[in-house]
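J.: just coords:
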């Protein structure tokens, strides 16, 4: 037979052909001693299947790895490379998975590829379109997730869910040439100050024996290298420290220290003496580097500069640095290359001295000075100010280090909307790669704690790969230091102080503005002379303005919470944020006495002093105005958020967030026990109602029973079938005893005619069989739709027989049912939607159904947010969002429904119940216990209840105006402006205005007595308008 077509790795630039080898070669499953693919050889779920992967940087290691994976599993993974490389990957990722510009706006993606090679800062906007890998990680013990360094884990995690699998780590690294340092009797720098001074010293010296002046430390100026200078000046510790056994333990309250934004106000951290100090040092380094000379003919290029042998050292990312320090003959493509004469003879090459290898790597320098936010001054490190500082090896002065994990390294993500088969293939590929030696992986470096602890074995792999022993020792020293635990260290060193990159929406725009304003317009526009203070102040002002624009786009309040979440800080209430934005604390030195002093000395100082004071006051006024404007923006933003939530709550009343899934009563009675959704789905026994309209039409001649119950096990809802038997008893009574049930509805658009209930027109909703149990995204949507499901149902039955919880051993019944927050939400939905009509309690399998009457309102507690929630009991281990927060919109929508139907008896009853304890019914705030054991106070409803009341009043007033105009309108036309106004109003309130105009739909038989005559007249007017 002719050979099968070759496996093609596609690229926009070119393609690579991989030799086609036979599938089902089980030996390929065990390459490098990995056992991950054991048992997956020729697996039927993967053999013959395929998936696509989008990447940005070519690496020859992809070819053998994909070949081995296909040989083992039979699954083909095809790689496509972006044409623009790394610069174009973020845009490509967003275009394919979709992205979020704000909390409310999300753009859908093309959905062409199944997986992606990503970097941490690209994920905030795309995270919603990427698969949540947490459930897979939790089940994969051999993946050893906690062995991955903490910063890499943080960079790919959002809301306590993992969106990518790290297989690399990136940080700002420093390399130095020992041959150059030895020649001049110098030691490697430990501080930023020493780094700059050494670079200035080496600039102009000859480092490659060609008789020409060379450079100090080489670099490519860009924002991440600039921020590496800012890091040790602005971040000394992210949590308060205490001392134990002579060493700090840093697990106290959060300090909010970071490189980019104030964690309470989101003010850019650029208007302070610390940032200025870092900027001055960075500029001095650039002036002594390759840049002044290279800029005359092109751009600063550290790779080309280092290859020339003219650099005494280099600032770079770790992967590129390895290619600079590795011998040129062993793959060091960017290491100093030998210089040859016309005959090809080597006349110079970099050489080691005294038996020590020339290419060295060291910790990125720290700073002896840090910015003290309390005094807003630059201060010399002391044990209190810099609790994690380390004494300088030669001077003994305290040095604050803050390794900057720029970009975070490469990680692997999966599109959430890909098919399950493709997701499984990529998960197996990525996880398998995570068990292979780093030297065998594409785009990877050491990123696990065990790789450092077991450095002898890992070091042998590097030596076998051509690394000199000194290079290996240097690498593991740097990694060990960078990966230090941020709270306790590792027992040998001080706690770590790793600095995180900016992980919020708008990352790319923030960095583009920083690159344009601070790097290009300020640093590179003048690479000579003293520090230009005036231009620096202008650049800072421009940067603040540019950052503010991006922050406004994504919402300041939302950005504050996103940034605090990434920093591991507690949620902050709006009140606390706005309190922090009062003017005085934001403007140090503006007390009245100092203004009086300024006024008194102006006459004596003359013109120069007047100018100075005017400039000072001008800057002060500008800052006050900017702070005031930001505060006003926050207030406007918050009010708009409240309005958006109110409108969204109403929208949820007229649509299903997830299809309602039902099971025919006849088939339900044959089950013998509760059966999960997936089994019934696969047997074709479920009915799916996709829209509210479809549900209303279904209910014209069918009946829906909502079975509400408390689970009797943590993993199984009804281990002993007690609830199932009780449900069956309820069904039989509804069919045999009740006789006829009038179907209830949220709308009068459909006529419900009483008819007999049978086991062939009665359908059951029950969580275990109606909600997906394995597919988490669908499950989340369905759970959020619970209030809508219960309000749609014709009959609501509380299943609460006496039973025992199989895991806790505690008794369960109507009281424990009523203590559950979700059970209360289901009951509230029923009562607000259709009153107490056809609401029952089934207390025992054989006992008759007991109707829920108003007398029960004193025993049944409808205060949803005073109930218990499992997520709270578990310390929110699996999500940074509480179930109570997910219930805000549904409960607010139900309140809207009750307000609109206030003329009906049942709505009046519920509104009176709510009014008695509105603050407990709509708690303004709640206590959130995070997964670290910290207690946060978060806003829950805030003023939302009053906003909804005002909104309903406004709609009612608008309808009243239209009514009056209609009554006084002398001309009646088929397309009158009044009719258009009514239709517009109806659309505005999502078809719910009928409740207001016609005052109260079908609730219970007593509701008809409450009909408003004026509403009827509007109904008659609309009918008249519709006539020919």
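T.: On my side now, so go ahead. Quick caveat: nothing in here was measured; it's all calculated off a predicted structure.
J.: Spatially central residue in this protein, please.
T.: Among the residues of the chain, the one closest to the centroid is residue 158, at 3.4 Å (C-alpha atoms, centre = their mean).
J.: and it, how far is that from residue 120?
T.: From residue 158 across to residue 120, the span is 10 Å (C-beta to C-beta, to the nearest Å). Where you see a C-beta, it was placed from the backbone N, CA and C, and this is true even at glycine.
J.: Tell me what the residue nearest to the centre of the chain is bridged to.
T.: Judged by DSSP bridges, the bridge partners of residue 158 are residue 161.
J.: Correct me if wrong: it contacts residue 125.
T.: No - between residue 158 and residue 125 there is no contact under C-beta atoms under 8 Å: 10.7 Å.
J.: Would you map out the domains in the chain?
T.: If you go by automatic domain parsing, the domain ranges for the chain are 7-170+408-464, 173-405+484-554, 658-862, 947-1026.
J.: Residue 107 contacts residue 98, doesn't it?
T.: Yes - with contacts defined as C-beta under 8 Å, residue 107 counts as touching residue 98 at a distance of 5.5 Å.
J.: When those two are compared, which one has more neighbours?
T.: Higher neighbour count among residue 107 and residue 98: residue 98, with 21 against 12, using other C-beta atoms under 10 Å.
J.: just the helices in the stretch 851-1000 of the chain please.
T.: Assigned by DSSP state H, counting those that start in this stretch, the stretch 851-1000 of the chain shows helices spanning 870-873, 883-886, 888-900, 905-916, 918-921, 944-968, 977-988, 993-997.
J.: Correction: the previous question concerned the stretch 201-350 of the chain.
T.: Using DSSP H, counting those that start in this stretch, helices in the stretch 201-350 of the chain cover 223-234, 273-287, 291-294, 302-307, 318-325.
J.: list the buried ones in the longest one?
T.: It stands for helix 273-287. 274-287 (16 or more other C-beta atoms under 10 Å).
J.: do stretch 334-341 as well
T.: Under 16+ other C-beta under 10 Å, the buried positions of stretch 334-341 are 334, 335, 336, 337.
J.: Among the residues you listed, which one sits closest to residue 204?
T.: Proximity of the buried residues of stretch 334-341 to residue 204 (C-beta to C-beta) peaks at residue 336, which lies at 18.3 Å.
J.: For stretch 67-86, which residues meet the burial criterion?
T.: Quick answer for stretch 67-86 (16+ other C-beta under 10 Å): 67-82.
J.: ok, residues contacting stretch 53-69?
T.: The contact list for stretch 53-69 (C-beta atoms under 8 Å, 6 or more residues apart in numbering) reads 7, 9, 11, 16, 18-19, 21, 28, 31, 37, 75, 77-82, 85-86, 88-89, 92-93, 96, 113-117, 426, 428-429, 432-433, 436, 440-443.
J.: And that stretch, end to end?
T.: 14 Å (C-alpha to C-alpha, to the nearest Å).
J.: Figure out how far that stretch is from the centre of its chain.
T.: 28 Å (C-alpha atoms, centre = their mean, to the nearest Å).
J.: likewise stretch 831-841?
T.: Centroid separation for stretch 831-841 versus its chain: 39 Å, with C-alpha atoms, centre = their mean.
J.: now stretch 336-353
T.: Worked out by C-alpha atoms, centre = their mean, stretch 336-353 lies 51 Å from the chain centre.
J.: Just the terminal-to-terminal distance for that stretch.
T.: 16 Å.
J.: try stretch 893-911
T.: 14 Å.
J.: try stretch 197-209
T.: Using C-alpha to C-alpha, the span of stretch 197-209 from its first residue to its last is 23 Å.
J.: Kindly provide the whole-number mean pLDDT of that stretch.
T.: Regarding stretch 197-209, the rounded mean pLDDT is 96.
J.: Only the buried residues of it, if you could.
T.: Those would be 197, 198, 199, 200, 202, 203, 207, 208, for stretch 197-209 by 16+ other C-beta under 10 Å.
J.: what does it contact?
T.: Under the contact criterion C-beta under 8 Å, 6+ apart, stretch 197-209 has outside partners 177, 180, 184, 186, 189, 212-217, 284-285, 287-289, 308-313, 336, 339, 348, 350.
J.: In ChimeraX, select just the buried ones from those residues.
T.: Buried members of the contacts of stretch 197-209, defined by 16+ other C-beta under 10 Å, are picked up in ChimeraX with:
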select :177,180,186,189,214,215,216,217,284,285,287,288,289,308,309,310,311,312,313,336,350
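J.: taking the contacts of stretch 197-209 one by one, which sit in strands?
T.: Secondary structure defined by DSSP state E assigns 177, 217, 313, 339, 348 of those to strands.
J.: Output these as CSV; include the columns pLDDT and distance to residue 707.
T.: Formatted as CSV, the ones in strands among the contacts of stretch 197-209 follow (pLDDT from 0 to 100; distance: C-beta to C-beta, whole Å):
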residue, pLDDT, distance to residue 707
177, 96, 75
217, 98, 71
313, 97, 71
339, 91, 83
348, 92, 85
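J.: Out of the residues you listed, the closest to residue 472 would be?
T.: The nearest member of the ones in strands among the contacts of stretch 197-209 to residue 472, counting by C-beta to C-beta, is residue 177 at 17.6 Å.
J.: my read: the closest one touches residue 351, true?
T.: No - with contact defined as C-beta under 8 Å, residue 177 does not count as touching residue 351 (10.3 Å).
J.: sorry, back to before: let's have the buried residues of helix 273-287 in a markdown table, adding distance to residue 939 and pLDDT.
T.: Formatted as a markdown table, these follow (distance: C-beta to C-beta, whole Å; pLDDT from 0 to 100):
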| residue | distance to residue 939 | pLDDT |
| --- | --- | --- |
| 274 | 32 | 96 |
| 275 | 32 | 97 |
| 276 | 36 | 96 |
| 277 | 38 | 97 |
| 278 | 36 | 98 |
| 279 | 37 | 97 |
| 280 | 42 | 96 |
| 281 | 42 | 97 |
| 282 | 40 | 97 |
| 283 | 43 | 96 |
| 284 | 46 | 96 |
| 285 | 45 | 97 |
| 286 | 45 | 96 |
| 287 | 49 | 95 |
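J.: From those, pick the one nearest residue 570.
T.: Looking at the buried residues of helix 273-287 and their distance to residue 570, the nearest is residue 274, at 24.6 Å (C-beta to C-beta).
J.: ok, so what distance separates the closest one from residue 380?
T.: In terms of C-beta to C-beta, residue 274 sits 13 Å off from residue 380.
J.: Identify the contacts common to the two.
T.: residue 369.
J.: what residues are up against residue 666?
T.: Contacts of residue 666 (C-beta under 8 Å, 6+ apart): 759, 760.
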